[in-house]
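Peer 1: okay, here's the prediction I keep looking at, along with the sequence it came from:
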Amino acid sequence: MTIAVLSQACSGDFWIAGKVRVQILNDLPGGVTLTVHCQSKDNDLGFHQIPPNGMWEFRFKPNFWGNTLFFCSFQWPNQFHHHDVFVEDRDVVRCQGLCQWHVKPLGPCLNDFICDIWDS
């Protein structure tokens, strides 16, 4: 089964282009705007306002040494949280080039079905 997963991952556009897309979707209730600030050790992507049901994305090329990390802060009225949106060792295979995070009050959900709790 592991071979099938790796084979599927290796055949995708990710391995051809070598880039990863991270999408942040605002799935918060109540029509609130989500403020996101993402960065890595080397890149600060700035602050972005995501409207209700909106989306913001960024792309990057992992270094393939297994240590690429992007983390974000998430803020909406009376809430402030953090989460690692790309950890190379964890996400290079499970995302297969697209990490789509649905932001919900209790935590972000990868592809809307693998839900994590907030890191903070």
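Peer 2: Structure received. Numbering: from 1, shown residues only.
Peer 1: now do the SS call for the one residue sitting closest to the centre of the chain.
Peer 2: Most central in the chain under Cα atoms, centre = their mean is residue 85, positioned 3.6 Å from the mean C-alpha point. The three-state label given to residue 85 by DSSP: H, G, I helix; E, B strand; the rest coil is strand.
Peer 1: touching, it and residue 101? I think so.
Peer 2: Yes: Residue 85 is within contact range of residue 101, at 5.7 Å (criterion: Cβ atoms under 8 Å). C-betas here are computed from N, CA, C, even on glycine.
Peer 1: now do the shared contacts for these two.
Peer 2: Here residue 85 and residue 101 share the contacting residues 22, 24, 108, scored by Cβ atoms under 8 Å, 6 or more residues apart in numbering.
Peer 1: wait, the last one sits on residue 99?
Peer 2: Same thing as residue 108. No: using Cβ under 8 Å, residue 108 is not in contact with residue 99; the gap is 9.9 Å.
Peer 1: each with direction, which strands does the one helix or strand residue 99 maps to pair with?
Peer 2: Assessed by DSSP states H and E, residue 99 sits inside strand 98-104. Partner strands for strand 98-104, per DSSP bridges, with pairing direction: strand 20-26 (parallel), strand 107-110 (antiparallel).
Peer 1: now the last one, how far from the centre of its chain.
Peer 2: Per Cα atoms, centre = their mean, to the nearest Å, the displacement of strand 107-110 from the mean C-alpha position of its chain is 9 Å.
Peer 1: the following helix or strand past that strand pairs with which strands, and in what direction?
Peer 2: Downstream of strand 107-110, the first helix or strand assigned by DSSP H and E is strand 114-115. Take DSSP bridges as the rule and strand 114-115 pairs in its sheet with strand 107-110 (antiparallel).
Peer 1: how many other residues sit next to the closest residue to residue 105 other than its chain neighbours?
Peer 2: Excluding its sequence neighbours, the residue lying closest to residue 105 (Cβ to Cβ, 6 or more residues apart in numbering) is residue 28, at 6.4 Å. When neighbours are counted by other Cβ atoms under 10 Å, residue 28 registers 20.
Peer 1: residues contacting residue 28?
Peer 2: Counted by Cβ under 8 Å, 6+ apart, residue 28 has contacts 34, 52, 76, 103-105.
Peer 1: please consider this matter closed, and thank you.
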